[in-house]
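**Student:** I would like to see how this sequence folds:
(one chain, ligands or ions: 1)
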Amino acid sequence: MYVCNCFGVTEAQVRKHAEAGACTPRQIASACKAGTDCGSCVRRIQALLGRGACRTEVADQAQPALSGVSELDEAA
Ligand code: FES
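**Tutor:** Okay, the predicted model is just below:
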């Protein structure tokens, strides 16, 4: 199913870019131009990203938090 009709970008393509690290509509636009013409698809892209399509952001946030905890343990 197409998410962006202007550039023929599908939901699957948006998910793929999200899994590769594009976590905002702007980053999706950089990857495949979706949302950069009429803009009517931006809300659909946001909805896809909001449903957990972007996985790397969560993983990136978890690592510093965990390393910070181990540093505290070493200091104590
Ligand atoms: S439908 Fe995506 S920019 Fe127009």
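**Student:** Go ahead and produce PDB holding the CA coordinates of stretch 45-56.
**Tutor:** Taking C-alpha atoms only, stretch 45-56 is exported to PDB below (Å, rounded to 0.1, in the frame of the first residue of the first chain):
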ATOM      1  CA  ILE A  45       4.500   8.500   8.000                       C
ATOM      2  CA  GLN A  46       4.300   9.900  11.500                       C
ATOM      3  CA  ALA A  47       1.700   7.200  12.400                       C
ATOM      4  CA  LEU A  48       3.900   4.500  11.000                       C
ATOM      5  CA  LEU A  49       6.900   5.700  13.000                       C
ATOM      6  CA  GLY A  50       4.700   6.100  16.100                       C
ATOM      7  CA  ARG A  51       3.800   2.400  15.900                       C
ATOM      8  CA  GLY A  52       7.300   1.300  16.700                       C
ATOM      9  CA  ALA A  53       8.700   1.100  13.100                       C
ATOM     10  CA  CYS A  54      11.800   2.800  14.300                       C
ATOM     11  CA  ARG A  55      13.700   0.300  16.400                       C
ATOM     12  CA  THR A  56      17.300   1.600  16.400                       C
END
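**Student:** Let's verify the residue nearest the centre of the chain: helix, strand, or coil?
**Tutor:** Note on the chain: the residue nearest the mean C-alpha position is Cys23, at 2.0 Å, using C-alpha atoms, centre = their mean. Counting by DSSP: H, G, I helix; E, B strand; the rest coil, the backbone at Cys23 sits in coil.
**Student:** wait, what's in contact with the closest residue to it other than its chain neighbours?
**Tutor:** Of all residues not flanking Cys23 in the chain, Cys54 sits nearest, at 4.0 Å (C-beta to C-beta, 6 or more residues apart in numbering). No exception for glycine: its C-beta is placed from N, CA and C like everyone else's. Contacts of Cys54 were listed using C-beta atoms under 8 Å, 6 or more residues apart in numbering, and they are Ala18, Glu19, Gly21, Ala22, Cys23.
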